[in-house]
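> can you look at this prediction? I've put the sequence above it.
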Amino acid sequence: MTSRHNTLSFLLLALTVAELCRAAGSNAVIGVILDHASIAGKELLTSMEIAVEDFANPGNKSLLLLTRDSHGNPLLVASAVLGLVEQPEVRAIVVDSISPQEASSIADISHRANLVPLISVTGSSSASRAGRSQLLQMAADGSICLASVVKSYHWRSVVVLYEEEAYRDVSGLISSLSSSIKAIGSEVEQFLPLPCFSSLQDPKPLIRQKLEKLKEGESKVLVLGWVWVVGEQVGGYLDSIDPFIISSSMQGVIGIKPHVREETEEYKSFSTRFQKRFKLAFPDEQRWAGPGMHALRAYDAMKVMIFAMEKANNSSTKLFDEMLSTNLTGLSGAIEFEDGGKLKRSRASFQIVNVVGRSYREIGSWSEESGFCRSGPIYLPSRSPTVMTERRSLRIAVPAAGVFNLFVKVTQDDTMNRTMVTGFSVDVFAVVVKHLSYPLSYELFPFYGSYDDLVGEVSKKVYDAAVGDIQIMSSRYHSISYSQPYLDSGLVMVVKQRREEDKGWIFIRPFTGSMWLLIAVMCLYTWAVVYAIEGGFVGRAAGEEQSAFPLDSLLWSSLSSFFYQYREPKSNLSRIVLATWLIVVLILNSAFTSTLTSMLTVSQLRPSIDDIDSLKNSGSSVGCNGNSFIVAYVIDVLGFHPSKVVPISSVAEYRSAFSSGRIAAAFFVEPHAKAFLTLHCRGFAISGEAYKLGGFGFVFPKDSPLALDVSTAILRANERGDINRLERSLLASSKCVGVENDDDHGGGSMDPAAFRMLFFVLGGVASAALFISWVSSTRKDFFCRLILTKQK
């Protein structure tokens, strides 16, 4: 046994010596570091050997690939790179994955490393070029593409799971994904590292444990469903994965993979040769599709290196610059590097694929120029939208110290030993939650501080949200997010009403001025028509007697028609016009009598203060909710002296303050004013102009994805009339019983709008009668003249 072991060791040593001797005699050596045992490593080696055959100059000595086995260990990768760069015959190195930080560390250790370019085939990084490392990355940064997919499907929260050793540049990953996801209005809830799978015999229990902790965690963002989205590092390998694994473990997965033009002759030729060579070199490995993305990139990496080596003429200092200036189209797509060694994002394009059955299908594409273009529906297995019911309910605070308990009312149920929270705002939130696209569990917690303190607690994430009559204000936007306002509001002034005792001219108030003018015009027009028909204006036939209606009696006839019939008309047309006029007079007389009677019996109330200027000039005090923003608004914006502002703590205190004369007016937000006036139906009124405000909204922590979802649900509830019904119910439930408003007594003056159809009919009848009379008179006059002419 020992003899066989020694023999094997000798053979390995001899092969290594022979390889180095060959390297010394060749024009160039390219170092290759990969995992020989993995399928990816075998594909990389196969594609690079094909590239050497395709691009090496046949007139020169052979180009040698000097391989090193990393065994999938990042430490061995760095060690192998360090060993290769110390060998002067090595011109460049291809490695499956290496981070800029690792490349910089190698350059710090070895001066020779500053002259040897490295190409990372599968790894990508958002970090800028580190130190003096000459590193090129063949994989483009797909973070913006991933963010576009998240935005397209309106996913508000993202949890990033990654294999720790696979992403050596963790800080770059976190920075790139966080900024890209945040830019679209979503957030990365958590970065969850997983240990290297190759170091575990069975990684499934550990992954399951991590996911259970994620579900049960104290995260502030509620994840209500899940969809697996994989980056290019996984999506690019889909062609190399066993279809059985895809069908059993990856259904519904969404992935991104660089766009490959598989219809080109170059790709078809390479794919055919690749599969034949791979099968000959590794007969025990089973392949299910064409070359994967890592194989295509390895082929292109060799192409970049060989072309650059020909241009550099064996100059180590020029080689990296030639590689960096590459601008060509390879099998993996467009290849053009930035100064930092990364592929230009503007040249990158991705396919968005969805795993279905034993393979995948394309559902969209992405490029920096056009963004995400969706081309097909997404398929998700039935388990994906499952709600994580184990997650805790949202903690929602409600203001318990508000003046108006119609909006939020907190009561203690001693029999059940629990706190009951009810009110209009609570009901609105419950309706809005029903319009969300997912179920939402929450608990309400009374908060007895001020509204500003409540908002502060939400900004500190002590609570997940706040629900109540909370005013949307610009000064709070820096620390929290508001929903769409569920109720419009403005600041209004409520004052007492005073009785109007002067009734000297009350007899003209049943009708407005425009109504009196219309009555006078129609009266004169009607009797002018009657006079014309009876012979005053319309032409008469020869020999016809003068009408009994003289012109000077027109006004008297018009006025007397309100009380009695002046004289019997001769024409039937006149009778029709007068009959219509008398009907109008009868209706107007009845309306005038009833309205005047109402005005004489019902006291007329008017606001005691007309506007804010007269209130400030009078030096009177004003009241407002001492627990809200209104105190500062009245002082800073409206200009009241602080000594004239009286804080009020309850609805009952408002009425007592008005009665005692402690305040002459009170300032409310409009919804509160409506509630106050429905509770006190008589004796108070809104006076002056309203100052527009932001409205009532729900409060969430800054940049919370839930704020946008709730805003959308509020719009749906408004469109379906749910919130309007709740508002009408609120005002109806608080109305005074048995007390009517002044308008219910008909105390208002009547305008022409109430009688427009009546006067329209009257005018139409009179005009038609006048026209018929004129036509008849003209015709009769014509025949009379004709007869007289013939007689002569």
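That came in fine, so what should we check first?
> which strands or helices does the longest helix anywhere in the chain pack on?
In the chain, assigned by DSSP state H, the helix with the most residues is helix 756-791. Using 3 or more C-beta pairs under 8 Å, 6 or more residues apart in numbering; DSSP states H and E as the contact test, the elements touching helix 756-791 are helix 513-533, helix 572-601. C-beta: built from backbone N, CA, C; applies to glycine.
> quick one: mean pLDDT over the helix or strand harbouring Ala295.
Using DSSP states H and E, the element containing Ala295 is helix 293-312. In this model, helix 293-312 carries a mean pLDDT of 88.
> what helices or strands is that helix leaning on?
Against helix 293-312 (3+ C-beta pairs under 8 Å, 6+ apart) you get strand 28-34, helix 39-55, strand 90-95, strand 118-120, helix 265-281, helix 316-324, strand 327-330.
> ok, and for that helix, which residues are buried?
Counting neighbours by 16 or more other C-beta atoms under 10 Å, one finds that the buried residues in helix 293-312 are 293-306, 308-309, 312.
> same check, this time on stretch 342-351
Using 16+ other C-beta under 10 Å as the test for burial, stretch 342-351 gives 342-343, 347-351.
> looking at those residues, which is nearest Pro258?
Distance ranking of the buried residues of stretch 342-351 against Pro258, using C-beta to C-beta, places Phe350 first at 5.9 Å.
> which helix or which strand is home to that closest one?
Counting by DSSP H and E, Phe350 is found in strand 349-356.
> please apply the same query to Glu263.
Assigned by DSSP H and E, Glu263 falls outside every helix and strand.
> before we move on, back to that, just how off-centre is the longest helix of the chain within its chain?
Centroid displacement of helix 756-791 relative to its chain, using C-alpha atoms, centre = their mean, to the nearest Å, is 70 Å.
> go ahead and confirm Ala465 touches Val458.
Yes - at 6.6 Å, Ala465 counts as touching Val458 under the criterion of C-beta atoms under 8 Å.
> these two: which has the busier surroundings?
The neighbour comparison of Ala465 against Val458 (other C-beta atoms under 10 Å) goes to Val458, with 27 against 23.
> ok, that one - contacts?
When contacts are counted by C-beta atoms under 8 Å, 6 or more residues apart in numbering, Val458 touches 397, 464-466, 480, 699-701.
> I'd like the residues you listed laid out as CSV, including secondary structure and pLDDT.
Listed next are the contacts of Val458 as CSV, based on DSSP: H, G, I helix; E, B strand; the rest coil; pLDDT from 0 to 100:
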residue, secondary structure, pLDDT
Ala397, strand, 93
Asp464, coil, 89
Ala465, strand, 92
Ala466, strand, 94
Ile480, strand, 90
Val699, strand, 93
Phe700, strand, 93
Pro701, strand, 89
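> which one of those residues is nearest to Tyr237?
Pro701 (38.0 Å).
> what's the spacing between the most centrally placed residue in the chain and Asp488?
By C-alpha atoms, centre = their mean, the chain has its centre lying nearest to Leu708, at 5.0 Å. Leu708 sits 20 Å away from Asp488, going by C-beta to C-beta, to the nearest Å.
> now do Val260
54 Å.
> of the two, who's got more company?
Set Val260 next to Asp488 and count neighbours by other C-beta under 10 Å: Val260 wins out with 21 against 13.
> which SSE is that one in?
Assigned by DSSP H and E, Val260 falls within no helix or strand.
> and the pLDDT for it?
84.
> I'd guessed it sits against Leu331; true?
Yes - shown here, Val260 and Leu331 form a contact pair, counting by C-beta under 8 Å, at 7.0 Å.
> what touches both of these two?
With C-beta under 8 Å, 6+ apart as the test, Val260 and Leu331 both reach 267, 296.
> picking up where we left off before, quick one: average pLDDT of the longest helix of the chain?
On average, helix 756-791 scores 78.
> which parts of that helix are buried?
Within helix 756-791, the residues scored as buried using 16+ other C-beta under 10 Å are 758-759, 762-763, 765-766, 769-770, 773, 777, 781.
> next: stretch 327-334.
Here stretch 327-334 shows 330-334 as buried, counting by 16+ other C-beta under 10 Å.
> strands along the stretch 351-500 of the chain, start to end?
359-367, 371-374, 394-399, 409-413, 418-422, 442-447, 465-466, 480-482, 490-500 (DSSP state E, counting those that start in this stretch).
> run through the stretch 501-650 of the chain and note the low-pLDDT ranges.
Low-confidence segments of the stretch 501-650 of the chain (pLDDT under 70): 501-504, 535-569, 601-608.
> let's see 50
537-549, 551, 562-564 (pLDDT under 50).
> the chain now?
Applying pLDDT under 50 to the chain flags residues 1-26, 59-60, 127-130, 218-224, 383-391, 537-549, 551, 562-564, 737-746.
> count of neighbours near Asp413?
By other C-beta under 10 Å, the residues close to Asp413 number 9.
> domain assignment for the chain?
Domains of the chain are assigned by automatic domain parsing as 19-139+265-342, 143-158+167-261+347-374, 394-487, 493-497+605-706+734-745, 510-602+751-791.
> which stretch among these comes nearest Glu727?
Judging the domains of the chain by C-beta to C-beta, what sits closest to Glu727 is domain 394-487, at 7.2 Å.
> quick one: the closest one to chain centroid distance?
Centre-to-centre, domain 394-487 and its host chain are 21 Å apart (C-alpha atoms, centre = their mean).
> quick one: the host helix or strand of Pro647 to chain centroid distance?
Taking DSSP H and E as the criterion, Pro647 maps to strand 645-648. Chain-centre distance of strand 645-648: 39 Å, with C-alpha atoms, centre = their mean.
> what residues sit buried inside that strand?
In strand 645-648, counting by 16+ other C-beta under 10 Å, buried: 645-646, 648.
> which one of those is nearest Ser475?
Nearest to Ser475 among the buried residues of strand 645-648 is Val645, at 19.0 Å by C-beta to C-beta.
> out of the helices and strands packed on helix 293-312, nearest to Ile254?
Between those, helix 39-55 lies closest to Ile254; by C-beta to C-beta that is 21.7 Å.
> could you look up the next helix or strand downstream of the closest one?
The C-terminal neighbour of helix 39-55 among helices and strands, as given by DSSP H and E, is strand 63-69.
> contacting residues around that following strand?
The contact list for strand 63-69 (C-beta under 8 Å, 6+ apart) reads 19, 22-23, 26-37, 45, 48-49, 52, 56, 76, 80, 83-84, 87, 90, 306.
> then stretch 351-363?
So stretch 351-363 is contacted by 145, 149, 235, 238, 243-244, 246-247, 250-260, 364-366, 372, 374-379 (C-beta under 8 Å, 6+ apart).
> what's the answer for stretch 367-374, then?
The contact list for stretch 367-374 (C-beta under 8 Å, 6+ apart) reads 144-145, 148-149, 151-152, 345-346, 348-350, 352, 363-366.
> likewise for stretch 439-454?
Residues from elsewhere that reach stretch 439-454, judged by C-beta under 8 Å, 6+ apart: 222, 224, 387, 389, 393-401, 410, 419, 421, 426, 433, 457, 463-468, 470-471, 627-629, 699.
> and the residues you listed, which are buried?
222, 224, 394-401, 410, 421, 426, 433, 457, 463-468, 470-471, 627-629, 699.
> make JSON lines from the helices and strands packed on helix 756-791 and add distance to Ser659 to it.
JSON lines is the format used below for the helices and strands packed on helix 756-791 (distance: least, C-beta to C-beta, whole Å):
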{"stretch": "helix 513-533", "distance to Ser659": "37"}
{"stretch": "helix 572-601", "distance to Ser659": "26"}
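> show me where the stretch 551-700 of the chain has its strands.
Using DSSP E, counting those that start in this stretch, strands in the stretch 551-700 of the chain cover 604-607, 622-625, 645-648, 665-669, 684-692, 699-701.
> adjacent strands (with direction) for the fourth one?
Translated: strand 665-669. Here strand 665-669 is paired, per DSSP bridges, with strand 490-500 (antiparallel), strand 622-625 (parallel).
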